[in-house]
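J.: everything below, folded, please.
(2 chains)
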Amino acid sequence: MPYDSTDREIMRFLQGDIPLASRPYKNLAERLELSEEEIVLRVSKLREKGFLRRMGAVLRHRQAGFAVNAMVAWKLENEEEADRAGKIMAGYKEISHCYIREVPPDFDYSVFSMIHVKNEERLAEIIEEISLRTGIGKYIIIRSSRELKKESMQYFTPEGEG
Amino acid sequence: MKEMNELSRTDREILNILQADFPLTTSPYRDVAKSLNLDEEEVIARIQAMKKSGLIRRIGGIMDARSLGFYSTLCACKVPEQRIDEVAGIINRQKGVTHNYIRDHEYNMWFTLTAPSQDEAMQILKSLQNDAGIEVISMPAKQVYKIKVSFEMSEPDAL
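T.: Here you go, the predicted structure:
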């Protein structure tokens, strides 16, 4: 295992909302019988190894001023276009996620991008620009109208060990 | 609720650091305060207020499912209007379902599933399909170009 049971305990702690206190790792360190410095060192290592993608604040998009949050799926005419399109889209600061997905045969749109902007005008502008730059003319905007669930993944919970 | 354009410059500066540059130290809020020439108490109070207003969902770590050996996939299904709440109930109580949205598309319910392995994910999807009596399509990523979950808090006018 590239991470041990102590790392798992630390990751279980980190995936929640850490205490908003002067020394947020103090109680964890006591529980794990480590120093706070050792905890922080392990957190840095988890970050370096890529298990921890990022440490910090997670915001709610809408309240952060991004009123329009759209999933846009693009249709590739041939697979060779994929890489170039993915890279172009990844360059936009308004795009938070960009993936090529395996899709069923009746669903033609395999490039997925999540776009977060202030208004509809900006969304239309970005889509048009991406369309021009990538040469992908076919796309669908799949808007969300209702949030049914949104939470962070809980890894390493006691009943479902990963 | 407090919206972005009501935030002070100081709050925005704090948010940028908290998102992009969270200090990996034993006293992160003291270090944030230091870099902005503020008191730690003030920084904590401002963060507290932004949590209370709902702008900050949480402060912690964002794990990488793939690196940890987990399998995740984006799923979609066609749910009749009158069954949305019932089906959402079945899907949302499944461990590993983290996001679920109603979207404007023939496939109207879209959710993400993360599981310890591909096999487990497929088993979960099978039982969800049985329990809900609907067909679910699974669209795992085969190439990732970007995963970015922080937002630069520029001046409101520049947004």
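
J.: now the top helix by length along chain B: buried residues?
T.: For chain B, the helix that runs over the most residues, judged by DSSP state H, is helix B:118-132. By neighbour count on 16 or more other C-beta atoms under 10 Å in any protein chain shown, the buried set for helix B:118-132 is B:120-121, B:124-125, B:128, B:132. Heads up, the C-betas are built off the backbone N, CA and C, glycines and all.

J.: helices of the chain, residue ranges please.
T.: As the question left the chain open, I've gone with chain A. Going by DSSP H, chain A shows helices at A:5-14, A:26-32, A:36-48, A:81-90, A:120-134.

J.: look at chain B instead
T.: For chain B, the helices defined by DSSP H occupy B:9-20, B:28-36, B:40-52, B:84-92, B:118-132.

J.: so can I have a markdown table of those showing mean pLDDT and distance to chain A?
T.: Shown next, in a markdown table, are the helices of chain B (pLDDT from 0 to 100; distance: least, C-beta to the nearest C-beta, whole Å):
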| stretch | mean pLDDT | distance to chain A |
| --- | --- | --- |
| helix B:9-20 | 94 | 4 |
| helix B:28-36 | 97 | 6 |
| helix B:40-52 | 97 | 6 |
| helix B:84-92 | 97 | 5 |
| helix B:118-132 | 97 | 9 |
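
J.: what's the neighbour count on residue 43?
T.: Defaulting to chain A. By other C-beta atoms under 10 Å in any protein chain shown, the residues close to A:Val43 number 21.

J.: oops, wrong one, chain B.
T.: Neighbours around B:Val43, by other C-beta under 10 Å: 24.

J.: please name the nearest non-neighbouring residue to it.
T.: B:Ala33 (4.3 Å; C-beta to C-beta, 6 or more residues apart in numbering or on different chains).

J.: quick one: that neighbour and B:Ala45 touch, right?
T.: No - with contact defined as C-beta atoms under 8 Å, B:Ala33 does not reach B:Ala45; the gap is 10.8 Å.

J.: tell me the angle the longest helix of chain B makes with helix B:84-92.
T.: If you take axes from the mean of the first three to the mean of the last three C-alpha atoms, to 10 degrees, helix B:118-132 sits at 150 degrees to helix B:84-92.

J.: helices and strands around helix B:118-132, which ones?
T.: With contacts taken as 3 or more C-beta pairs under 8 Å, 6 or more residues apart in numbering or on different chains; DSSP states H and E, helix B:118-132 sits against strand B:71-77, helix B:84-92, strand B:109-115, strand B:136-139.

J.: save those as TSV, and put in distance to A:Phe66 and mean neighbour count too.
T.: Shown next, in TSV, are those (distance: least, C-beta to C-beta, whole Å; neighbours: other C-beta atoms under 10 Å in any protein chain shown):
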stretch	distance to A:Phe66	mean neighbour count
strand B:71-77	20	20
helix B:84-92	24	16
strand B:109-115	19	23
strand B:136-139	24	19
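
J.: for B:Thr114, give me its contacts.
T.: B:Thr114 sits next to A:153, B:65, B:70-72, B:96, B:98, B:121 when contact means C-beta atoms under 8 Å, 6 or more residues apart in numbering or on different chains.

J.: switch the cut-off to 7 Å
T.: B:Thr114 sits next to A:153, B:65, B:70, B:72, B:96, B:98 when contact means C-beta atoms under 7 Å, 6 or more residues apart in numbering or on different chains.
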